[in-house]
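*Asks:* Using only what follows, build the 3D model:
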Amino acid sequence: DALLALVTDLVDAGAPIDGVGLQGHFNHFLSDGDQLATNIRAITDLGLLVEITELDVSLNPLLGAPIDEAAQAEQYFDVVNACATVELCVGVTTWGVHDGASWLDTFPPFDLGAPNRPLLFDADFEPKLAYGAVADALAARAIPEAGTGVLSVAGAVAIAAARRRSRNRTHDLEWDAAATQPDSGR
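*Replies:* Have a look, this model is predicted:
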């Protein structure tokens, strides 16, 4: 609620904001995919893009829950599905590739529960149940063929700027393409 209020105030004040990144450090027993989709939709309803960044789902045994890779996979499915169900949620990025190099295993206090095993591939680069769950979430949303549905950063900025221009607000911002050019002197 506080983040939504802040972002709403920024938009209403005419701040040059095009999107919001939501860090996604979850535990395998804590997130709620429906609530996450609702929160994402509330931000995109302001005309902003959303991306889930730094996604990982820890299996840290110090948190009191048993190690459950199926529950971890369900969490990954729920998070990716939440993003995929909202048109202006443009991406999900994991915070690492394999469990053998997870930041959680070297960062206090999470290092006390190492190995946390939070990523899509195990320490030997073998896909985990979570990998399959992400693939299932994407397949369930009929993601276009490779190369046809990829939104670049430049494309995302252009879409957000166009949406911002089309809003009927007192402090409407105008897109200044020259400002984005490296040699524009700005």
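*Asks:* what's whichever strand or helix holds Val90 packed up against?
*Replies:* Element membership for Val90 (DSSP states H and E) is strand 89-94. In terms of contacts (3 or more CB pairs under 8 Å, 6 or more residues apart in numbering; DSSP states H and E), strand 89-94 is packed against strand 49-58, helix 69-84. Where you see a C-beta, it was placed from the backbone N, CA and C, and this is true even at glycine.
*Asks:* So in that sheet, which strands flank the first one, and in what orientation?
*Replies:* Strands that pair with strand 49-58, judged by DSSP bridges, come out as strand 19-27 (parallel), strand 89-94 (parallel).
*Asks:* buried sites along the shortest one?
*Replies:* Burial within strand 89-94, assessed by neighbour count using 16 or more other CB atoms under 10 Å, is assigned to Cys89, Val90, Gly91, Val92, Thr94.
*Asks:* Also the first one?
*Replies:* By neighbour count with 16+ other CB under 10 Å, strand 19-27 contains the buried residues Gly19, Val20, Leu22, Gly24, Phe26, Asn27.
*Asks:* May I have the strand holding Val90 exported as PDB, CA atoms only?
*Replies:* Output of strand 89-94 as PDB, limited to C-alpha atoms (Å, rounded to 0.1, in the frame of the first residue of the first chain):
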ATOM      1  CA  CYS A  89       4.400  -6.600 -16.400                       C
ATOM      2  CA  VAL A  90       7.200  -6.900 -18.900                       C
ATOM      3  CA  GLY A  91       9.700  -9.300 -17.300                       C
ATOM      4  CA  VAL A  92      11.000 -11.500 -14.500                       C
ATOM      5  CA  THR A  93      14.700 -11.700 -13.800                       C
ATOM      6  CA  THR A  94      16.200 -14.200 -11.400                       C
END
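*Asks:* Which parts of this protein are helices?
*Replies:* Applying DSSP state H to the chain gives helices spanning 2-12, 33-44, 69-84, 129-140, 153-166.
*Asks:* Grab the nearest non-local neighbour of Asp34.
*Replies:* Excluding the flanking residues, the one nearest Asp34 by CB to CB, 6 or more residues apart in numbering is Ala82, at 7.6 Å.
*Asks:* Alright, I will stop here.
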